[in-house]
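Novice: A structural model of the following input is requested.
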Amino acid sequence: MPSLACMAVVIMGGILVWQQNLLDQTRTERPFATQLKQRLAGYAPERVAFFHTTDAKISFYLGPPEPIRIVRGTDAVQAFLADTRPSVLITQRRYAELIPATSLAN
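Specialist: As a prediction, this is how the structure comes out:
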């Protein structure tokens, strides 16, 4: 009986490891965050913000020197973007429609 349990653990563990490697190849967070990190290199850390919510995986891969600000609400977006310095507002597609078009000038 113990040998059957050990065999089941080995087989299930092997399947899970194999499956994890397959799934890891289709994930897009790390490549996206790597490209984003390169693009954010010239921006001041206080001029980068997430809109509406943050994504822990993206924050992890970006490895910012300080926590990335979260901007919630249209007034907060307008206040954040009112600064004349270049800024980046990161959001998920489902929240992009909540950003007033008048706030997004050039």
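Novice: starting at the chain centroid, how far to stretch 61-71?
Specialist: 10 Å (C-alpha atoms, centre = their mean, to the nearest Å).
Novice: in it, what's buried?
Specialist: Tyr61, Leu62, Ile68, Arg69, Val71 (16 or more other C-beta atoms under 10 Å). For every residue, glycine as well, the C-beta is placed using N, CA and C.
Novice: ends of that stretch, what's the gap?
Specialist: 20 Å (C-alpha to C-alpha, to the nearest Å).
Novice: against Ile70, how distant is Phe45?
Specialist: I think there's a mix-up here, since residue 45 is Pro and not Phe. 14 Å (C-beta to C-beta, to the nearest Å).
Novice: if you could redo that for Phe80, that was the one I meant.
Specialist: Counting by C-beta to C-beta - Phe80 and Ile70 are separated by 10 Å.
Novice: need the residues touching each of the two.
Specialist: Common neighbours of Phe80 and Ile70 are listed as Ala49 (criterion: C-beta atoms under 8 Å, 6 or more residues apart in numbering).
Novice: three-state assignment of Ile70?
Specialist: Under the three-state scheme (DSSP: H, G, I helix; E, B strand; the rest coil), Ile70 adopts strand.
Novice: circling back: between all of the buried residues of stretch 61-71, which two are separated the most?
Specialist: Tyr61 and Val71 (20.2 Å; C-beta to C-beta).
Novice: point out where the chain drops to low pLDDT.
Specialist: Low-confidence segments of the chain, defined by pLDDT under 70, are located at 22-26, 102-106.
Novice: now do the helices in it.
Specialist: 2-25, 29-39, 56-62, 74-82, 93-96 (DSSP state H).
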